[in-house]
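**Student:** Here is the input, now give the coordinates:
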Amino acid sequence: MGPKDVSTYRDPVSRYLFVTARPCLIPEIWHDYLDGALKAYTKFGAESALEYEQVMSGHSTAVFSAALDDDGVVVGGLRAQGPFSSADESHALKEWTDPEQIQRIRARIDARVPYGLIEAKAAWVSEGLPRRRELTLAVARMGANFMHVLGTRFMMATAADTVLDLWRTCGGEVDESVPHTPYPDERYRTRLMWWDSSRPEQSGLLGDDPREARKSLRVERR
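**Tutor:** Residues are numbered from 1 along each chain as shown. Below you'll find the model as predicted:
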């Protein structure tokens, strides 16, 4: 998938269509995705974590994936930042306040940067959808596939403890060396997670073989 490509994929389980691209290639879908994320985060009083004003231009997003229903309405998705050149580019450093933990996170990020590291952000799925659980799992798999799309070995994310099991379904592992942080506020116990695309068990878009995941995308030149 190149910088001018838009890829589409219909998940066979949830039966929703996913569109993956850089924001500048499909701006209308990008803004629908981001508006949906804002609505979803605001419902839980966590809209500050989205940093809507800072990311709305799309310049900080390397790629995003939006799920569309049969009417073409965006009903979920997520985005990725990176690949990083240093730990300073990661949002995770803003989420912890303890200097010792920030130093530990910085070191772990910098150790992975030479191999390619991206960060998944702003995942959401609309309420009340048919096959919503299946769609939620599909969104997680799309996030794991970002490593293959962007050609990186590693991906990171921060996630509330209520959704850790979801991210584990697509190969995410909680960093047990870093304690939780109350981000965006004291209601949450946010953890640091890592993905490694070189692990045999790492799930890609359609299964365990990242090469097949990459081939499966139908690419439309724009």
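
**Student:** so which helix or strand takes in the closest residue to residue 139 other than its chain neighbours?
**Tutor:** Nearest in space to residue 139, with sequence neighbours left out and distances taken as Cβ to Cβ, 6 or more residues apart in numbering, is residue 76 at 5.3 Å. (Each C-beta comes from the backbone N, C-alpha and C, glycine too.) Element membership for residue 76, per DSSP states H and E: strand 74-81.

**Student:** Note down every partner strand of that strand and its orientation.
**Tutor:** When pairing is defined by DSSP bridges, strand 74-81 lines up against strand 63-68 (antiparallel), strand 117-125 (antiparallel).

**Student:** If the residue nearest to residue 139 is in a bridge, with which residues?
**Tutor:** In this structure, residue 76 has beta-bridge partners residue 67, residue 125, where bridges are defined by DSSP bridges.

**Student:** buried sites along stretch 78-93?
**Tutor:** Applying a neighbour-count criterion of 16 or more other Cβ atoms under 10 Å, the buried positions in stretch 78-93 are 78-84, 87, 89-92.

**Student:** Ends of it, what's the gap?
**Tutor:** 20 Å (Cα to Cα, to the nearest Å).

**Student:** Mind listing residues that contact that stretch?
**Tutor:** 33, 51, 55, 60-65, 102, 105-107, 109-110, 113, 116-124, 139, 142-143, 146, 150-152, 155-156, 158, 192 (Cβ atoms under 8 Å, 6 or more residues apart in numbering).

**Student:** circling back: is it possible to get the strands paired with strand 74-81 out as TSV so that each row also shows mean neighbour count, mean pLDDT and distance to residue 198?
**Tutor:** As requested, the strands paired with strand 74-81 are arranged in TSV below (neighbours: other Cβ atoms under 10 Å; pLDDT from 0 to 100; distance: least, Cβ to Cβ, whole Å):
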stretch	mean neighbour count	mean pLDDT	distance to residue 198
strand 63-68	25	98	20
strand 117-125	23	98	13
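
**Student:** what's the closest of these to residue 25?
**Tutor:** Distances from residue 25 to each of the strands paired with strand 74-81 were compared using Cβ to Cβ; the minimum, 9.8 Å, belongs to strand 63-68.

**Student:** Using CSV, list the CA coordinates for the closest one.
**Tutor:** Extracted in CSV, the C-alpha atoms of strand 63-68 (Å, rounded to 0.1, in the frame of the first residue of the first chain):
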residue,chain,number,x,y,z
VAL,A,63,-3.0,6.1,8.2
PHE,A,64,-6.5,5.5,9.4
SER,A,65,-9.1,2.9,8.9
ALA,A,66,-12.9,3.5,8.9
ALA,A,67,-15.7,1.0,9.1
LEU,A,68,-18.7,1.8,6.9
